[in-house]
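Asker: turn this into a model:
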Amino acid sequence: MNHALRVENLSVCYAGHYAVEDASLSIEAGQLVGIIGPNGAGKSTLLKALLELIPSDHGRVEIGGRPLPQARRTVAYVPQRSEIDWQFPIDVLDTVVLGTYPNLGWFNKPGRHERQRALECLRRVGLQDLAQRQIGELSGGQQQRVFLARALAQHADLYLLDEPFVGIDALSERTIIGILKALRDAGKTVLVVHHDLSKAAEYFDRVILINQRILGYGAAAEVCTPAALARAYLGDLPCTAQPGVAC
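Answerer: Coordinates of the predicted model:
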């Protein structure tokens, strides 16, 4: 079986307390996977540990059968909007061009081909007319689409997105989930940290339920049972705890 991501006994500890403990899973290529769980459950920590953006205490991560240093160019990451300096003096097009750097090699600079690729990615997210705008001038949904376009410009095999639907408009959410599903259909693998359980079954092929430990991995209907959700949320279930049922 072609595994896009394999994790074995990954743990991350802060000040003597586990944020993620002994996480193990294998994700097949061509899956759109949601990572769900309560606030503070380790969802974002897991994503960052996979990329070695934060140190792990122990564990092993393989991407496409290779360790991260050998596979880094095949992975694209979209951080939370709150982690980005929106006042940085860069326009939309140049932000997306940054996504081409991993494939340029040492000492090479992006040229006409890379700028054309960036423009095509902006067209894909519906923002080609805003190419010359400073990123801080955009709405939250537009900013999120710009960083998705940057990820698309990388031509990655594995995409990791941290809370891409937080604080955005309905049009941006529809655009983003449509693109993520298209990536899945093209054989790419996508992991998304997500908080709205009511859309888990609609958006994702599979979900990872986590609260420090991985409590389940599979189809949303199989993983998000009342008993499993009560265990993950310690009985304090959000009103969107029923997949496919809105509050």
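Asker: element containing the one residue sitting closest to the centre of the chain, please.
Answerer: Nearest to the geometric centre of the chain sits residue 161, at 1.5 Å (C-alpha atoms, centre = their mean). Assigned by DSSP states H and E, residue 161 belongs to strand 158-162.
Asker: now for the helix or strand that that strand is followed by, which elements pack on it?
Answerer: Downstream of strand 158-162, the first helix or strand assigned by DSSP H and E is helix 170-185. When contacts are defined as 3 or more C-beta pairs under 8 Å, 6 or more residues apart in numbering; DSSP states H and E, helix 170-185 sits against strand 32-36, helix 140-153, strand 158-162, strand 189-193. C-beta: built from backbone N, CA, C; applies to glycine.
Asker: swap in 7 Å and give it another go.
Answerer: Helix 170-185 is packed against strand 32-36, helix 140-153, strand 189-193, with contacts defined by 3 or more C-beta pairs under 7 Å, 6 or more residues apart in numbering; DSSP states H and E.
Asker: how big is the angle separating it from helix 140-153?
Answerer: Helix 170-185 and helix 140-153 meet at an angle of 20 degrees, taking axes from the mean of the first three to the mean of the last three C-alpha atoms, to 10 degrees as the criterion.
Asker: restricting to C-alpha, output helix 170-185 in CSV.
Answerer: This file holds the C-alpha atoms of helix 170-185, laid out as CSV (Å, rounded to 0.1, in the frame of the first residue of the first chain):
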residue,chain,number,x,y,z
ALA,A,170,-18.6,31.4,3.0
LEU,A,171,-17.2,32.0,-0.5
SER,A,172,-13.6,31.4,0.6
GLU,A,173,-14.6,28.3,2.5
ARG,A,174,-16.4,26.8,-0.5
THR,A,175,-13.4,27.7,-2.7
ILE,A,176,-10.9,26.2,-0.4
ILE,A,177,-12.7,22.9,0.3
GLY,A,178,-13.3,22.6,-3.5
ILE,A,179,-9.6,22.9,-4.2
LEU,A,180,-8.7,20.5,-1.4
LYS,A,181,-11.1,17.9,-2.8
ALA,A,182,-9.6,18.5,-6.3
LEU,A,183,-6.1,17.9,-4.9
ARG,A,184,-7.4,14.6,-3.3
ASP,A,185,-8.9,13.6,-6.6
